[in-house]
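Asker: Provided below are the primary sequence and the corresponding predicted coordinates.
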Amino acid sequence: MGVLDKTGEYEFLNDLVRLDTLDALKRPLEDYLGRTFRSQTITIIRYSREGPPVTLQAYIPDTALSRLFAAEYHRIGYMLDPFCIMAFGPDEFTAHQLREIAPDRFETSEYHAHYYARTGLIDELGATLRLGADAALHLSLGRTRGNGRFRANEVKYFRQVSPIVLNRLRAVTHPPRRMPELHSAPDLIDRYQTIFGNGANALSRREAEIAALIVQGHSSRAAGLCLGISDQTVKVHRRNIYKKLRISSQNELFSLLVESMKGD
């Protein structure tokens, strides 16, 4: 295990205390976190229960990745992001390596194939801090292909420094103003419940919950554990979902989600 280079830690923590705007903090955050964790991406995002997230800072030097993030994450990516889902769980603060919280079949999911794999990311550290009941801050550090996964000592240090960073960011940021042209986006479950309107083929709330878990990459067993039901019950619901939606695969389930958002 390599030694973690914390050169400049004192100066960084001093900057966190001294600087009082997000613009002023951007450079110290990028310099220290990028160097210490050898991360290729650094993003700070404000999640909301009532609509798409707001990116407060995005350090993504790779042009293709930056364009993909800008085009896809706020439209659909966040709905399936394990860190966004974790942000509104029972804990006010969380800090994890992606593989600790990703669904058991995340790497074979349609979300991974159509979005995450295209980013070139192979690993991610993410921390979330709740801002009341309906919003949360998220700090993400990403590693791209060819740079290796985060080591255990890096994960440990991230858990130490990320709450300091997020609490300071909470102090210096304010909720973004609602722009008139934006509208509230339904969450993933609501999307599936209304995908075919209210007719005979409309999904029940439970079916929509299972559809959302399937498209995230959860197996029947994992979905059952999330919902407190047996995997056999999940499989029955899954067959009914596919029958109602006239589909036969997770790929088609994901495609329906994408189609439902084209008018947004």
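Answerer: Alright, I've got the coordinates.
Asker: In the chain, where is pLDDT below threshold?
Answerer: Within the chain, the stretches with pLDDT under 70 are 1-3, 174-186, 196-198, 263-264.
Asker: And it, what are its domain boundaries?
Answerer: 9-172, 188-260 (automatic domain parsing).
Asker: What's the end-to-end length of the longest one?
Answerer: Taking Cα to Cα, to the nearest Å, domain 9-172 runs 20 Å from one end to the other.
Asker: can you map out the helices along the stretch 151-264 of the chain?
Answerer: Assigned by DSSP state H, counting those that start in this stretch, the stretch 151-264 of the chain shows helices spanning 152-172, 188-193, 205-216, 220-227, 231-245, 250-260.
Asker: Identify, out of these, the most deeply packed stretch.
Answerer: Ranked by mean neighbour count, the helices of the stretch 151-264 of the chain are led by helix 205-216 with a mean of 22 (mean count of other Cβ atoms under 10 Å). Bear in mind the C-beta positions are built from the backbone N, C-alpha and C, glycine included.
Asker: If you count contacts, what does that one end up packed against?
Answerer: In terms of contacts (3 or more Cβ pairs under 8 Å, 6 or more residues apart in numbering; DSSP states H and E), helix 205-216 is packed against helix 110-111, helix 188-193, helix 220-227, helix 231-245, helix 250-260.
Asker: Kindly recompute the last result at 10 Å.
Answerer: helix 78-80, helix 82-87, helix 110-111, helix 188-193, helix 220-227, helix 231-245, helix 250-260 (3 or more Cβ pairs under 10 Å, 6 or more residues apart in numbering; DSSP states H and E).
Asker: Quick one: work out the angle between that helix and helix 250-260.
Answerer: Inter-element angle recorded for helix 205-216 and helix 250-260: 110 degrees (by axes from the mean of the first three to the mean of the last three Cα atoms, to 10 degrees).
Asker: who are the neighbours in contact with the residue nearest to Glu252 when sequence neighbours are not counted?
Answerer: What sits nearest to Glu252 in space, not counting adjacent residues and going by Cβ to Cβ, 6 or more residues apart in numbering, is Leu245, at 7.6 Å. Residues near Leu245 by Cβ atoms under 10 Å, 6 or more residues apart in numbering: 192, 195-196, 201, 203, 207, 211, 252-253, 256.
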